[in-house]
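Enquirer: Could you look at this predicted model? Sequence included:
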Amino acid sequence: MPDRLLIFDMDGVLVDDSDSYRETIVRTVRFFTGREVALETIQEYKNRGGWNDDWLLAQRLCADLGAAVPYDAVVDRFVRIFAGAERDGDGLMRRERWLPRPGLLEGLAQRFELGLFSGRRRWEIRLTLERFAPQVHFDPCIAADDVRNLKPAPDGLLLAAALKPGRRLVYIGDTVDDARCARAAGVPFIGVAAPAGPCAPETRARLLQEGARTVLDDVNRLESALPEDW
């Protein structure tokens with residue numbers, strides 16, 4: 001049995017969410033404020049850290065634009081835009097694109113165990129994996145619902161370590177909060193920063209500053225980037 005566990009974040013690592021989650025933030029803020037927020041502004045918040053929860057980030061952006069919106073109202077509008085009124089995946093999440101090339105995860109699974117720790121809720125993860133990767137087994141598969149404290153708290157990675165005793169972990173993520181989560185858990189971190197993304201040079205630099213072993217252009221370069229001492 002492999003004694004090493006690769007744990008993936010979902011957004012920005014396994015899934016291109018630029019036209020789904022990020023666009024949903026834009027549309028949610030527009031709905032409540034009538035104002036447009038730039039993707040670069042969203043990324044700047046992400047690069048500061050502390051904004052892993054996109055619902056909270058959308059609420060904060062509304063407040064910065066002068067609209068005090070109750071959290072529950074933000075969540076309701078956000079979910080309707082992202083997942084559809086019935087939470088059946090017919091919203092903007094239909095625009096998502098799966099990033100791993102065919103066979104990448106299956107090949108890694110021959111050498112390592114694969115896990116998932118995402119800030120998404122369980123129902124969001126389920127819909128996405130059923131659509132893109134029903135054949136890939138992630139164990140553990142940890143969602144925001146499963147932890148008391150969201151990233152950058154280390155709760156998700158500590159839970160993964162508890163569920164898989166004796167395994168050596170590496171976490172692959174794309175945000176400052178992912179990096180801080182890994183550092184707090186004592187887990188090596190590999191960053192992902194797509195060159196075409198907003199604020200890409202700044203994001204790459206921030207991930208390295210936060211302790212990333214390396215920062216990849218995309219997850220398909222992972223195999224050659226795994227730490228030799230892991």
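Expert: Thanks, I have it. Numbering: from 1, shown residues only.
Enquirer: any idea how the chain splits into domains?
Expert: For the chain, the structural domains run 4-16+96-225, 21-94, going by automatic domain parsing.
Enquirer: pLDDT (mean, whole number) over the first one?
Expert: Averaging pLDDT along domain 4-16+96-225 gives 96.
Enquirer: I'd like the distance from it to the chain centre, please.
Expert: Relative to the centre of its chain, domain 4-16+96-225 is centred 7 Å away, using Cα atoms, centre = their mean, to the nearest Å.
Enquirer: can you give me the strands in this protein?
Expert: For the chain, the strands defined by DSSP state E cover 4-8, 15-16, 97-98, 113-117, 141-142, 168-173, 189-192, 215-216.
Enquirer: For those, state which one has the densest average packing.
Expert: Ranked by average neighbour count under the criterion mean count of other Cβ atoms under 10 Å, the strands of the chain are headed by strand 189-192 at a mean of 28. (C-beta placed from N, C-alpha, C; glycine too.)
Enquirer: What residues are bridge-paired with the closest residue to T128 other than its chain neighbours?
Expert: Sequence neighbours aside, V15 is the residue nearest to T128 in space, at 6.3 Å (criterion: Cβ to Cβ, 6 or more residues apart in numbering). The residues listed as beta-bridge partners of V15 by DSSP bridges are D11, W98.
Enquirer: Make sure V15 is actually in contact with R95.
Expert: No. Using Cβ atoms under 8 Å, V15 makes no contact with R95, being 10.4 Å away.
Enquirer: circling back to that earlier point, any chance of the strands of the chain in a markdown table, plus distance to P134?
Expert: A markdown table is the format used below for the strands of the chain (distance: least, Cβ to Cβ, whole Å):
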| stretch | distance to P134 |
| --- | --- |
| strand 4-8 | 16 |
| strand 15-16 | 15 |
| strand 97-98 | 12 |
| strand 113-117 | 14 |
| strand 141-142 | 13 |
| strand 168-173 | 21 |
| strand 189-192 | 23 |
| strand 215-216 | 25 |
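Enquirer: And those: which comes nearest W123?
Expert: W123 sits nearest to strand 141-142 of all the strands of the chain, at 12.5 Å, using Cβ to Cβ.
Enquirer: could you say what helices and strands the closest one packs with?
Expert: strand 113-117, helix 155-163 (3 or more Cβ pairs under 8 Å, 6 or more residues apart in numbering; DSSP states H and E).
Enquirer: The shortest one pairs with which strands, parallel or anti?
Expert: Looking at strand 113-117 with DSSP bridges, its paired strands and their directions are strand 4-8 (parallel), strand 141-142 (parallel).
Enquirer: Using TSV, lay out the helices and strands packed on strand 141-142 together with distance to V74.
Expert: Output for the helices and strands packed on strand 141-142, formatted as TSV (distance: least, Cβ to Cβ, whole Å):
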stretch	distance to V74
strand 113-117	24
helix 155-163	23
